[in-house]
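Participant: Quick check, what structure comes out for this input:
(chains A, B, C and D)
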Number of protein chains: 2
Amino acid sequence: MRYTYDYPHPAVTVDVAVFTIEDGELAVLLIRRAAEPFAGRWALPGGFVEIRESLRRAAWRELHEETGIRAGFLEQLAAFGRPDRDPRERVISVAYYALVPRERLSIRAASDAADARLFRLADLPELAFDHTKILRRARERLREKGDDAHIAMQLMASSFTLSELHRAQELICGRPFDKRNFRKRILATDLVEPTGEKRRAGQHRPAALYRARHARDVPYRSRI
Amino acid sequence: MRYTYDYPHPAVTVDVAVFTIEDGELAVLLIRRAAEPFAGRWALPGGFVEIRESLRRAAWRELHEETGIRAGFLEQLAAFGRPDRDPRERVISVAYYALVPRERLSIRAASDAADARLFRLADLPELAFDHTKILRRARERLREKGDDAHIAMQLMASSFTLSELHRAQELICGRPFDKRNFRKRILATDLVEPTGEKRRAGQHRPAALYRARHARDVPYRSRI
DNA sequence: GCAAAAGTGTTTGAGGTACACCCATGC
DNA sequence: GCATGGGTGTACCTCAAACACTTTTGC
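Facilitator: Okay, the predicted model is just below:
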């Protein structure tokens, strides 16, 4: 009981929805809460914003703690602030969402988490707080922005096939894209370039590999 | 010095960018700050979020206090939280933007404001805090969403001419629209319906009046 | 009668959509 | 040789963009 103010202050947290593709499906990283409230429940990774830390940096820190990720797509979603969303005290949460290639994720349960793992979006458990709502909104935002192939690019490993990018875009937008039209469209941009390598996998023709042509963070400047 | 916490809490405010059209130009409502910091400077209307009040409700309250508006388009923009944005203490601001028909605005300087008035966007004073940045982002968002005619509709009085709507859309998007294509497009939707009335103004042909066909708030559900 | 905004259709081009078959590999 | 995903081109259609003149009023 050390910090005192003339009028009541809410606590401020950030929560981050980390999306990736695992086993060909969209998935999100959840942590199992170690402490009350909602101990044992799954939740978005997040935590309190430190007093001298920007919102974006707090989100970045949470992302880093749970995944080891140090860079990538991280964008503010919205602030969530219903007075009753946390039973302890008034807590306002600024939600972020991140897109991360699966290969770059090294999932670790940080100190405040009993466990951490990926869940397919089709297969979510009941979440703590209003995190189901936050996640639904993040998914919505992703769908809105997903027509832009830059978004799907964020989920690609350092080299990838056009089929993988195609699949990512379908997952994000939640609808099928014609294969030929998709490839035509992507190749018409300067989003990707062939590495010259091919990947052999399974009993079929090897796929040409591509890499992102521009720095990963060019198309979307950070928000805040 | 009455409210104490185990760890430091930021203060949380809402700021609202209220856009309207005045004299055929996009304008935003600013208040002149009565108190320090930035006393005498122009700023977005805003204030602290009360401890039991939702963010949206706080924004709505600020809007109402400065304009008398009780309903209309009000949407969350983003949270701004750089640690140094307020010289007093750590303050995180959740910014909203509102679109309001000029006729419904009754501007009043609320208790914390020395003055309040509309400024054309082309003609802004230097603003307090990071409000210039917030306003720039609100403007950007408006431009992004402005292709959708629902947005321009929010700036229309209860009855309006297609020329007025046309002008509003041009202002929001910052580029010209072909008159015939615009009218064709609007009339192809069920966004507006003729009132049957005409408005005589100036020495030219009277314009047919239209009204919004759906409830004003249908197309955009509130965010949070 | 003239100034000033309201109102009205058609043509053209670009881009998105639909669609089916051969290719290279592993087993 | 067959199963599996990789890779390729064309025709059509829809929608957005360009474009100019007549109408109705006030003065």
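
Participant: check which helix or strand covers residue A:143.
Facilitator: Counting by DSSP states H and E, the element that carries residue A:143 is helix A:131-145.

Participant: That helix: which residues count as buried?
Facilitator: Neighbour-count burial for helix A:131-145, counted by 16 or more other CB atoms under 10 Å in any protein chain shown, picks out A:131, A:134, A:135, A:137, A:138, A:139, A:141, A:142. Bear in mind the C-beta positions are built from the backbone N, C-alpha and C, glycine included.

Participant: And stretch A:67-77, by the same measure?
Facilitator: A:67, A:69, A:72, A:73, A:74, A:75, A:76, A:77.

Participant: Okay, and which of those map to helices?
Facilitator: Using DSSP state H, residue A:67 are the members of the buried residues of stretch A:67-77 that sit in helices.

Participant: Return only those of the buried residues of stretch A:67-77 found close to chain B.
Facilitator: residue A:76 (CB under 8 Å from any CB of the partner chain).

Participant: Tell me who's in contact with the closest residue to residue A:11 other than its chain neighbours.
Facilitator: Spatial nearest neighbour of residue A:11, excluding adjacent residues (CB to CB, 6 or more residues apart in numbering or on different chains): residue A:91 at 4.6 Å. Residue A:91 sits next to A:10, A:11, A:12, A:13, A:85 when contact means CB atoms under 8 Å, 6 or more residues apart in numbering or on different chains.

Participant: what does residue A:29 give?
Facilitator: Residue A:29 is in contact with A:17, A:18, A:20, A:45, A:66, A:67, A:105, A:107, A:116, A:117, A:118, A:119, counting by CB under 8 Å, 6+ apart.

Participant: can you check residue A:19 too?
Facilitator: Going by CB under 8 Å, 6+ apart, the list of residues near residue A:19 reads A:26, A:27, A:28, A:97, A:98, A:99, A:100, A:138, A:142, A:155.

Participant: just to confirm, which helix or strand has it in it?
Facilitator: Counting by DSSP H and E, residue A:19 is found in strand A:11-22.

Participant: And the next helix or strand past that strand?
Facilitator: Next along from strand A:11-22, by DSSP H and E: strand A:25-33.

Participant: what comes up buried for that next one?
Facilitator: Counting neighbours by 16+ other CB under 10 Å, one finds that the buried residues in strand A:25-33 are A:26, A:27, A:28, A:29, A:30, A:31, A:32, A:33.

Participant: and chain A, which residues reach chain B?
Facilitator: Residues of chain A lying near chain B (CB under 8 Å from any CB): A:1-12, A:48-49, A:51-56, A:76, A:78-83, A:90, A:92, A:94, A:223-224.

Participant: how near is the residue of chain A at minimum distance from DNA strand D to chain B?
Facilitator: Proximity of chain A to DNA strand D (CB to the nearest atom of the strand) peaks at residue A:204, 2.5 Å away. From residue A:204 across to chain B, the span is 42 Å (CB to the nearest CB, to the nearest Å).

Participant: What is the three-state secondary structure of that residue?
Facilitator: Here residue A:204 takes the coil state, with states given by DSSP: H, G, I helix; E, B strand; the rest coil.

Participant: now it: how far from residue A:161?
Facilitator: Residue A:204 sits 12 Å away from residue A:161, going by CB to CB, to the nearest Å.

Participant: what about these two, which has more around it?
Facilitator: Shown here are residue A:204 and residue A:161; by other CB atoms under 10 Å in any protein chain shown, residue A:161 has more neighbours (18 against 7).

Participant: Just give me the neighbour total for the residue nearest to the more buried one when sequence neighbours are not counted.
Facilitator: For residue A:161, ignoring the flanking residues on the chain, the nearest one in space by CB to CB, 6+ apart is residue A:207 at 3.9 Å. When neighbours are defined as other CB under 10 Å, residue A:207 has 17 of them.

Participant: who's in contact with residue A:207?
Facilitator: Shown in contact with residue A:207 (CB under 8 Å, 6+ apart): A:161, A:162, A:163, A:198, A:199, A:201.

Participant: from those, which would you call buried?
Facilitator: Applying 16+ other CB under 10 Å to these, the neighbour count classes A:161, A:162 as buried.

Participant: among the contacts of residue A:207, which are in helices?
Facilitator: Mapping the contacts of residue A:207 onto helices (DSSP H) picks out A:162, A:163.
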